[in-house]
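In: The following block contains a protein sequence and its predicted model.
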Amino acid sequence: MSDVISYSNNYKNLVAGSVNERNGFFDFSTGVVNIVGNHLKGPELNISLSFDHFKSIDMGLGEGLKFSLPFFDCTKAILHTDQGVSVKLSDRNLAKPIEACLSNFQITDNGSLLLVKYHDGSVDEFKKTPKADYAFLAKRRDSAGNALHLDWNGTKLERIVDDNNVEYLSIGSTSSSRGRELTLLSGRYYLYTYINSRFEKIEVSTPYFQQSQYRDQPKYKLSVRFSTNVKYHLIDSITSPNGALQSVEHGERSGEALNDYRGNLMAVVKQHSIEFNGKTLKRTTYDFKPSVDDSSDYQYRKDYNAYGYKATISNTRGSDPTYSIIKPYFYKVIVTEKDHDNNESVVECIYDKFHNLREQKKTYKGCTQAEIYHYYLNDDNDISVQEGRFKLANKIEKTYSDRTKATFTETYEYDYDEFGNVLHEIDHVHNVRIDYEYYDTRADAVEGCPKYEDFVFFLKKQSVTDLNASDGEPNTREVSVRKYTAINDAIYLQSDSSPYSHTSIEFDYYPTGVHQGRLLSRQVMKNDQQCTKQAFEYQDGDSTLFVKGITSADSLPGEQSYILLELDQYTGQKLLVNDSGSIVKMEYYPDGRLKKEISSPNSVHECAREYEYFDEQSMTLMRDQFNNLKRSYFDGLGNMTEIQITVPNVVSDFVVEQREYNSLGQKISQTMIDITLKATQTGASVQNRTWKLKTKYEYDGWMNVSRTIQPDGTVQISDFNPITQTTLSGFEGKGYQQTQVISATRKQIDKTFDKNDQLLTHSEVTFDMFENPSVRWDSFGVTTNYHYDVLDRIAKTKTSYIDAEEKPREVVKDIVYAPYQVGTECVKSIAINQALLGENDYDAFSRLRQQTVNNSISTLSYLPGSMQHYQVTCPDGTVLDTDYDPEFNLYKKTGSKVQTPGLRGLIEKAHDEETGSSVEYTHRFDGLVKSESIDGVTNGYDYTLLGKLLASSVAGGNCDIVTYDDFQRIATVDDGMNVAQYLDFDAFSRPQRVEIAGVTPTTIQYDYSGLPNVMVTTTEQGQDVLQEIEHYTKDGLVENKVTRLGSQELVESFEYDAMRRLVNYSASGSSELLPKDEIGKTILQQHFIFDDFGNVCEVISEMQDQTSNTSLYGYNPDYPTQLYSIEHSNPAYTNVNFEGKYNVHGALTEDQEGRQLRYNQYGELVRVFNAQMQELTSYEYDVAGRMSRQNIPNQPAIEYRYANDNLVYIQQGDLGVSHSLVDGRMVSKRFKTLNQELITDYLCNTSNSPLKVKRGDGSDQLYTYMPYGFRM
């Protein structure tokens, strides 16, 4: 079964001319049809058209156009296959090859018929013409006996049908005697060809869908002429349907053309150009007579070429004259192109007399990639004494070099048998060897494989060997053992097992009937037990094939899941996919191009996307359900150059993206075009402008993008050096990362450097032969060892380090996987140092059935065959019903919460059936939220065309209006209280100054010059000046920080352990800024100790009053991340005991003050009582799970309003609270009632922690913070 569409007509295939880079021939070729016969059972046959320079034969389209079909040239006794291989046969016996070739085919001569049997069991039957000068393919039969039949009238192909008489191709005449019409796939589409009488013009149309409607159809137009110099026809130019012009400059005169071994002239392409819309897209020059030098190990002489000029051709003729050359003979070709900066890309190729590529050298910008190929041959002999494998490369050496003369070589070795089967591969880069063993059942059947005459073909075993084994003994893993079965002489794979992993896949097939040979079932086994079984049912329609896959498991009796496919019987394309109710339907144009894709067809949720193709304009059009249009334009090489969009009532045919390419096909720039749109949701006055943001790309000598220049001038580096196997990435002028791969030791070394090339961090990872990490080490002293199970899943990690107390620590993580899974990673349990964190139970369908955490069990229930649960039973017995919608792949209901998606799959409405909370969304054409109404309060958003926020209008009458500069960096933000202006952008588009005008005038200045070591931030607000100086560790953590507020100063130091956790903290300075703990004591030092789970288990604190306290944290032994107790050495602190104070969900039910906490079925805190069970407060949540209301006895309720999940407004009674955030920091709060307004100024640090709050009544409040965030 093939996924290849019948006619591939993307824009790259419109470039249908190509140069043969060995001999200089310029050819035309275009695809016609790919045939998969007999209801997709086979066989396959790909048909294309090409130009016949010599007008040697009329295959039904007239002399000059020929089909790409295998054939026998009986006059010359040569078999030409459709894989491009030619074999010389005996003049007296066409069944006998007389030159070296692989033993993967056999020929039988039955008089008028020649049969070629291939090693895969397929047979091609060739019928001789009446003159017996040719034998053309008349029948192609696969190993199962399915056949395609080709009807010929002499040399002319008339039609192609299968065993069911379904017609795939036929040729008819047109009103023009020199025109031909090809009917394809039983009249689904047609192609037209025309050759004028003087053989100067050839036309080949693109597909059309109504018979005889070819006159106005776009066509390939070939300009052809007869060369009196070389005595055959040449193509001077090809005009493609999209107007791209390919021009060819030939060398056809003596001195330019090549001479064959007889001295005849053979034309070569000197230059090939492609022009489109008046622009030269590509220009390639060829040198088939390069000067002789000593740059290669393969010596070649002047004028040596693909035709064997100046060589002695013996009387023993081969399929190619050069095959008869006895002495070493090599020829060279140079191909040159230039990029937009006039840098030359030069490719030099050296071929031997058997036309094997022996050496290829690519040079660009001083970098060279040289490849040397070694073959099973002897250069001192002609074809008569070569072995059959002479066209197979058994060793490839790839060498990279640059101007420094440094080199790196990759070596790969291969071995093949006489049938062309690979016996082993050796990757000397990674030191891995793969061995293959095959069944030889030519004499008789053996266990595992039926008798198979004539050939060795079926793989028996595959093993992988690690040549880097540390103990000197190779480590070999047998990864595949195969067994086969026979159905009516056809051999099928019966099982594929892995002895290493104890897994296997077993196959069964329909033994008889119309579905004979089709897959009946596929069973996955593990440790000799079934995991899953998939059975297949087939139904043939008029032009479609229905395939139903039914999955079951012995461990789930009575349960089945299914997938239904509807396939086009001509092309194998998927017309419909129904995966357990999730349905997608596809429609195609008759030539195979996608026309329409529909999700949820024939339902209220049906959504479609349509495609149209305009070959003459090099454009594709996509139209969605909402009549939004996207036009993609391509150049003559198939590169996408422009995108236009149309959005009803927004823009029409607006260009949003442009791309530019050089003549090497490299994308050198991309321009995004954006505009502001009318603020329809907020009504705000927004800026009116257009942005053209151009990104440029530069390439290194290896033709990889090495520098990306952003619109603002920022340069991103991505530089891979294949010689040192090193990748540099980062931004020019900033720190960067270096990754080096040492293949011989399978090690990857990662380093980070600052902008001055000073090493910051260092880590190393060692991999096994399957590229799984085995050991990871970093410069902080942490080493992690990885152990894998037989399926190469991580089964254990062992992390070792020295802790802050100088004690060696080891954390062992054990991972256990569910028993039924082979290809998926369903984790059953994880244990840390033998302490179990929880367990998951999965069934054979990989469905989570039960989850156990801290002895609390949650159960998920499924309807038979459904992959999604319909019910969740919580540990406390609460049952949550769910409703899964396969059309949108989401749950529409969970408990009382219901959500409704729109056609785009985005949620439009959601409500809680218990609380009545609701939210509604509207979206614009690209899915961005235009408005959201949360419990009756509406927020609106306006954007630029490409989605930059311009304005928002949210709860409490608050708003944001944003403007952008030329590079679309934020220039100003007006939130109604303050206007923030971003100024003095540095080279990396970071603002160095933010000026805030409004109710809280503030200036924030950033000094980035010391990064990555130091960052200085200065904030001026009224009379207050706040300066923060942060020093960073090598991995970017704060190492010490100086905070100055007026005359007050706080100096903090932070130390981290190997796991990069804070272990030591110290503070000094003004007492007003020193951190205070929960009872008001001033902290000077703290030391943190962690357990193996990363929990804080001990904190030692030193206070300013000369006292100290040691806090010990205890955790649940059955659930070691659940806090049980806190014990203090200082009696001033209250000990805490939470043991027995958690519910079955793991939520705390009583805090340290004795308050009782109650939760709803979703785990949300809903009520708080005091110790006497008097309600202190209650909480309500909206349908999105956000706290929406807090009720306090005898007080107005506090309501919380959100926009885009951010809290934007708080209201209590007639008091509303809004805030102003600038650059992530709180600047102002506005307290507003019906008749008055109060502004509070916030002076926050870079962590958005308020240090000073200045209220309108003149009272100021200072705040200090513990290192973990506690505020006093």
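Out: Yep, it's here.

In: Any regions of the chain where pLDDT drops low?
Out: 1-15, 295, 315-316, 470-472, 1257, 1269, 1272 (pLDDT under 70).

In: Pop the domain breakdown of it in here.
Out: 1-256+270-288, 593-652 (automatic domain parsing).

In: Please name whichever of those domains is nearest to Thr1019.
Out: Nearest of those to Thr1019, taken as Cβ to Cβ: domain 593-652 at 40.9 Å. All C-beta atoms are positioned from the backbone trio N, CA, C, and that covers glycine.

In: before we move on, back to that, next, format the domains of the chain as a markdown table and append distance to Ser1101 and mean neighbour count.
Out: Converted to a markdown table, the domains of the chain look like this (distance: least, Cβ to Cβ, whole Å; neighbours: other Cβ atoms under 10 Å):
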| stretch | distance to Ser1101 | mean neighbour count |
| --- | --- | --- |
| domain 1-256+270-288 | 67 | 18 |
| domain 593-652 | 60 | 16 |
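
In: Out of those, flag the one nearest Pro511.
Out: domain 1-256+270-288 (11.7 Å).

In: where's the spatially closest residue to Asp768 that is not a sequence neighbour, which helix or strand?
Out: Excluding the flanking residues, the one nearest Asp768 by Cβ to Cβ, 6 or more residues apart in numbering is Ser774, at 5.0 Å. Here Ser774, judged by DSSP states H and E, is contained in strand 773-778.

In: What strands line up against the very next helix or strand once past that strand, and which way round?
Out: Per DSSP H and E, the first helix or strand lying C-terminal to strand 773-778 is strand 783-788. According to DSSP bridges, strand 783-788 has the following sheet partners: strand 773-778 (antiparallel), strand 794-802 (antiparallel).

In: hmm, who's touching the longest one?
Out: Think strand 794-802. 780-789, 808-816, 1057-1059 (Cβ atoms under 8 Å, 6 or more residues apart in numbering).

In: what are the phi and psi values for Thr745?
Out: phi -110, psi 0 (degrees, to the nearest 10).

In: hmm, back to that, and the residue nearest to Asp768, how far from Ile934?
Out: The gap separating Ser774 from Ile934 is 51 Å, by Cβ to Cβ, to the nearest Å.

In: And Pro97, by the same measure?
Out: Pro97 is 80 Å from Ile934, by Cβ to Cβ.

In: Leu102 and Ile491: what is the separation?
Out: For Leu102, the distance to Ile491 - Cβ to Cβ - is 20 Å.

In: again with Val827
Out: 40 Å.

In: which one of these two has more residues nearby?
Out: Set Val827 next to Ile491 and count neighbours by other Cβ atoms under 10 Å: Ile491 wins out with 21 against 16.

In: Please name the nearest non-neighbouring residue to the more buried one.
Out: Ile491 sits nearest to Tyr484 (Cβ to Cβ, 6+ apart), 5.1 Å away.

In: And for Leu222?
Out: Ile202 (4.1 Å).

In: just checking, the residue nearest to Asp768 touches Thr783?
Out: No: the pair Ser774 / Thr783 is not scored as a contact, 11.3 Å apart, by Cβ atoms under 8 Å.

In: before we move on, back to that, Ser774 and Ile934 - which one has more neighbours?
Out: Ile934 (23 against 16).

In: residues contacting the more buried one?
Out: Ile934 touches Ser918, Val919, Ala955, Asp1182, Ala1184, Ser1188, Arg1201, Tyr1202, counting by Cβ under 8 Å, 6+ apart.

In: and what of Lys365?
Out: With Cβ under 8 Å, 6+ apart, Lys365 has these contacts: Asn343, Tyr699, Asp700, Gly701.
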